[in-house]
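Undergrad: need a structure here:
(2 chains)
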Number of protein chains: 2
Amino acid sequence: MLCLKVPTDSAWALEAMRDLDAVLVDHAHCELKAASNSLSLAARYPLDREIVRALTDLAREEIDHFQRVLSELASRGRQLGAPAIDDYAVGLRRAANELPRASHGNPLVDRLLVGALIEARSCERFRLLVEALDHTEAPRHLHDLWADLFASEAQHYRVFVDLAVRAAGGDRKQTIARLDWLADAEARIVVGLATRTQAVRATIHG
Amino acid sequence: MLCLKVPTDSAWALEAMRDLDAVLVDHAHCELKAASNSLSLAARYPLDREIVRALTDLAREEIDHFQRVLSELASRGRQLGAPAIDDYAVGLRRAANELPRASHGNPLVDRLLVGALIEARSCERFRLLVEALDHTEAPRHLHDLWADLFASEAQHYRVFVDLAVRAAGGDRKQTIARLDWLADAEARIVVGLATRTQAVRATIHG
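TA: Next up is the predicted model:
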């Protein structure tokens, strides 16, 4: 799906269905982190106005998503709670740092590709949630929430890839090669996390 | 003005008028930093849903303001550029860490009060910009931009103070005492920055 190299373990959606509150808390924090990350990239790489505007548009959308998830938590009587440690994103950024230096020399490209991969994996997991909810008696609006966000994450994935190509001076071929390399690393991280924790966790990227 | 203990040196507005581009670049980064800071507080102190919602509302508004300033820079043919080192905010956070521990024990209170002070000083400076622009032939929309943001920063100041009182369990008296102590520190920082740099800088808090 999108650029992903391994599908999520089928046990994940079952575990998520068993603890929807935990998934929602983790999802809310993922949106906050995504918004913060977009703002941080805009501040650190301010030289291309179109990229800066697109990143801050993304941040605003991610805040909107966060608030939708927060409202869902409120309607379930749940607090937001503290974020889980995000080994997935940490691992992915570390992998990006190990990529050989690009010929265009712009470190923003790989940061944008990391963003693209995180969106792709979220997108895949939201689809699994939507499919799993079809077999439960969970309220319809929860299904709609994740169906909406599934579509939105797919769109964000494409925005990140397009911005990465732009940041690479339009070199789509080299950018897609780097995305492919990072997607291999992402697959190893996802498989590794599931193995290491000895149990699938009810988190978006766990 | 608001809770501020010292007015800005009158030389500041003159310097700002001499380099409006620099002021706009610095202002844009201030909005980005404010948005990031609001998101960071929401993520680190997630237990009060009303505070989390208010902080993410603030972040969205700050992104809107950032994009207005970015458009203004674009219309002037200017890039955003890298942010200046923000000795003002660093000094203010350091001062907050020196405050004796509050009886309510919630470190979020002081972080929110730092936010309130930053908004108060921005608000004061935007008013100075608006007044100074009245005596120049600068385009009217620049005047309107800072007049709008002047009103908005005053509102944000009040939101931060109210959130701080809420985070202190409703203890307005203790919260205002801490704000007063921090306002003394803020005054020393503002005076110190002007003295140290030997020249007033065309930055929002410089």
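
Undergrad: Return the residues of chain A in contact with chain B.
TA: Counting by C-beta under 8 Å from any C-beta of the partner chain, chain A comes close to chain B at A:29, A:32-33, A:35-36, A:39-40, A:42-43, A:46-47, A:49, A:52-53, A:56, A:59-60, A:63-64, A:66-67, A:70, A:73-74, A:79-83. Quick note: C-beta positions are derived from backbone N, CA and C, even for glycine.

Undergrad: mind listing which of these are in helices?
TA: Secondary structure defined by DSSP state H assigns A:29, A:32-33, A:35-36, A:39-40, A:42-43, A:49, A:52-53, A:56, A:59-60, A:63-64, A:66-67, A:70, A:73-74 of these to helices.

Undergrad: Sticking with the nearest residue to residue A:110 once chain neighbours are set aside, tell me its helix or strand.
TA: Among residues not flanking residue A:110 along the chain, residue A:96 sits closest, at 4.3 Å (C-beta to C-beta, 6 or more residues apart in numbering or on different chains). Assigned by DSSP states H and E, residue A:96 belongs to helix A:87-98.

Undergrad: which strands and helices sit next to the helix or strand just after that helix?
TA: Counting by DSSP H and E, the next helix or strand C-terminal to helix A:87-98 is helix A:108-133. Where contact means 3 or more C-beta pairs under 8 Å, 6 or more residues apart in numbering or on different chains; DSSP states H and E, helix A:108-133 is packed against helix A:11-18, helix A:20-44, helix A:87-98, helix A:140-167, helix A:172-196.

Undergrad: Against residue A:113, how distant is residue A:92?
TA: For residue A:92, the distance to residue A:113 equals 9 Å [C-beta to C-beta, to the nearest Å].

Undergrad: which residues do these two both contact?
TA: residue A:182 (C-beta atoms under 8 Å, 6 or more residues apart in numbering or on different chains).

Undergrad: Show me which of these two is the more surrounded one.
TA: Counted by other C-beta atoms under 10 Å in any protein chain shown, residue A:92 and residue A:113 do not tie: residue A:113 has more neighbours, with 30 against 22.

Undergrad: Report the contact partners of that one.
TA: Residue A:113 touches A:96, A:160-161, A:164, A:175, A:178-179, A:182, counting by C-beta under 8 Å, 6+ apart.

Undergrad: Check what pLDDT it gets.
TA: Looking at residue A:113, its pLDDT is 97.

Undergrad: gap between it and residue A:165?
TA: Distance from residue A:113 to residue A:165, by C-beta to C-beta: 10 Å.

Undergrad: quick one, what contacts the nearest residue to residue A:153 once chain neighbours are set aside?
TA: Nearest non-adjacent residue to residue A:153, counting by C-beta to C-beta, 6+ apart: residue A:123, 3.8 Å away. Contacts for residue A:123 (C-beta under 8 Å, 6+ apart) come out as A:1-2, A:150, A:153-154, A:157.

Undergrad: Give me the neighbour count for the residue nearest to residue A:68 when sequence neighbours are not counted.
TA: In this structure, residue A:68 finds its nearest non-sequential neighbour in residue A:145, 6.2 Å apart by C-beta to C-beta, 6+ apart. For residue A:145, the neighbour count with other C-beta under 10 Å is 22.

Undergrad: wait, doesn't residue A:145 sit right on residue A:71?
TA: No: in this structure residue A:145 lies outside contact range of residue A:71 using C-beta atoms under 8 Å: 9.3 Å.

Undergrad: about what we covered before: and of the contacts of residue A:113, the nearest to chain B?
TA: For these, the closest approach to chain B (C-beta to the nearest C-beta) belongs to residue A:160, at 17.8 Å.

Undergrad: okay but the closest one is in contact with residue A:112, surely?
TA: Yes: counting by C-beta under 8 Å, residue A:160 touches residue A:112, with 5.1 Å between them.

Undergrad: what about those two, which has more around it?
TA: residue A:112 (29 against 26).

Undergrad: can you pull the contacts of the more buried one?
TA: Contacts of residue A:112 (C-beta under 8 Å, 6+ apart): A:41, A:160-161, A:163-164, A:167.

Undergrad: So for it, what's the nearest residue that isn't a sequence neighbour?
TA: Nearest non-adjacent residue to residue A:112 (C-beta to C-beta, 6+ apart): residue A:164, at 3.9 Å.

Undergrad: residue contacts, the one you found?
TA: The contact partners of residue A:164, by C-beta under 8 Å, 6+ apart, come to A:108-110, A:112-113, A:116, A:175, A:178-179.

Undergrad: quick one on the thing from earlier: so what sits against both of residue A:113 and residue A:165?
TA: residue A:175.

Undergrad: any low-confidence regions in chain A?
TA: Chain A contains residues with pLDDT under 70 at A:196-200, A:206.

Undergrad: what sits up against stretch A:42-62?
TA: In contact with stretch A:42-62 (C-beta under 8 Å, 6+ apart) are residues A:31-32, A:34-36, A:38-39, A:41, A:106-108, A:111, A:152, A:156, A:159, A:163, A:166-167, B:29, B:32-33, B:35-36, B:59-60, B:63-64, B:66-67, B:70, B:73-74, B:79-83.

Undergrad: Of those residues, just the buried ones, PyMOL syntax please.
TA: Buried residues within the contacts of stretch A:42-62, by 16 or more other C-beta atoms under 10 Å in any protein chain shown, are selected in PyMOL with:
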select buried, (chain A and resi 31+32+34+35+36+38+39+41+106+107+108+111+152+156+159+163+166+167) or (chain B and resi 29+32+33+35+36+59+60+63+66+67+70+73+80+81+83)
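
Undergrad: list the buried ones in stretch A:130-142?
TA: A:130, A:132-133, A:142.

Undergrad: from those residues, which two are the most distant?
TA: A:132 and A:142 (10.8 Å; C-beta to C-beta).

Undergrad: Tell me who's in contact with residue A:152.
TA: Contacts for residue A:152 (C-beta under 8 Å, 6+ apart) come out as A:61, A:65.

Undergrad: gap between it and chain B?
TA: Taken as C-beta to the nearest C-beta, to the nearest Å, the spacing of residue A:152 relative to chain B amounts to 16 Å.
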